[in-house]
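Q: Predicted coordinates and the sequence they were generated for:
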Amino acid sequence: MEKQNSYIFNFSFFVFKILIIAIFIGSIISFAFEKFIIFETQTNGAYKVHRILHDNYQNEIPIFGSSRAGANIIPSKLGENYFNYAISGGNTNVWLFFLEQELKKNKNTPILINYDLGGLRYGNGDIGNYIPNWNSTKDIITYDKKPYYNIPFFKYFGHYEHYFRKFLNEKLEVTKIMDNGGIFELNNLTKDRFNEIVVKRKNTPHIFKMEQTLLEKMNDLISSTNRQIIFIVPAYHESFLCNESNMNEDNNFLSFLNKKNNVEVIDLRYSIIKDEYFFDTSHLTYNGAKKFTAKLKETLQKINSIDNE
């Protein structure tokens, strides 16, 4: 009986040691993967989340929003201190998270926020954007919460390839331009493919949705600071804007924002007209983004709120 108990003890201790070694090795691999792959990829949403949480660039002017901000606003053409924190698929809950983190910093630079027509709604984009900083981001996630996202190495199962592909794309991509967090498309869709997207868009009704919880949080954050917050309505293709009667709610909301003391609204939805500058009906090509950014910079200079050197 004593031999049996001793065997069980020794086996349990052996398993425990193996587990400790595995966790140690896994932690090293996880740390190295984060340091040299994830946090070396500026266009990766995970890098942007880490940056807003852990870095404090005193002169930085942040740009928050969805992929429309990421594809339409070229930071370096606005000035040397701009960085594009856009998260593809990230809706209001995401840019409010970024805004909340930014307002914790002792800064006085303006903040640019891309406002997608359609109100305030939830949407996270790829869950991989949040896993490296899971404890700080899990409360804004509305889906796919898994308990092992807290465990080094194991938390990236199913995502290693995604991060590595993003890293390689940023280093080797020849069809896109990377610029301070923004990623811009050099190619155009074929005319037939673009026309298909236009037809689909014309047959898709514009739906406005206002989540009250998000509205309340936005109002609280805006009123908590004296920093200037500039909401930018991005350029849309005419097929998106053809049913303007369905956008009264958006216009009313933008008017509501514009009445706040520290808020400016720059509405550039009609600023790009030619099809050749659109990649699809709500995202621009790089050439389109250059024109859009030039118009944005001109407007920013007019409101005399940002030093555009």
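A: Structure received. Numbering: from 1, shown residues only.
Q: Could you use CA atoms for every contact and neighbour count after this?
A: Noted.
Q: Counting neighbours, what do you get for the residue nearest to residue 188 when sequence neighbours are not counted?
A: Nearest residue to residue 188, sequence neighbours excluded (CA to CA, 6 or more residues apart in numbering): residue 279, at 5.7 Å. Residue 279 sits with 22 neighbouring residues when counted by other CA atoms under 10 Å.
Q: what's residue 279 in contact with, if anything?
A: 185, 187-189, 194, 285 (CA atoms under 8 Å, 6 or more residues apart in numbering).
Q: Flag the shaky bits of the protein, pLDDT-wise.
A: Across the chain, residues meeting the criterion (pLDDT under 70) sit at 1-16, 19-24, 26, 243-245, 304-309.
Q: in it, which residue is closest to the centre?
A: residue 87 (1.7 Å; CA atoms, centre = their mean).
Q: my read is it is in a strand, agree?
A: No. With DSSP: H, G, I helix; E, B strand; the rest coil as the criterion, residue 87 is assigned coil and is not in a strand.
Q: ok, it - contacts?
A: 45, 64-67, 70, 94, 125.
Q: ok, 6 Å please
A: 45, 66-67 (CA atoms under 6 Å, 6 or more residues apart in numbering).
Q: Check residue 246 too.
A: Residue 246 neighbours (CA under 6 Å, 6+ apart): none.
Q: can you rerun that using 10 Å?
A: 118, 205-208 (CA atoms under 10 Å, 6 or more residues apart in numbering).
Q: Next: residue 234.
A: Residues in contact with residue 234 (CA under 10 Å, 6+ apart) are 68-69, 72-73, 114-117, 266-272, 282-284, 292, 296.
Q: Among these, which lie within strands?
A: 114, 266-267 (DSSP state E).
Q: would you turn these into a markdown table with distance to residue 178?
A: Converted to a markdown table, the ones in strands among the contacts of residue 234 look like this (distance: CA to CA, whole Å):
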| residue | distance to residue 178 |
| --- | --- |
| 114 | 19 |
| 266 | 25 |
| 267 | 25 |
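Q: Could you measure from residue 155 over to residue 133?
A: Applying CA to CA, to the nearest Å, the value for residue 155 to residue 133 is 11 Å.
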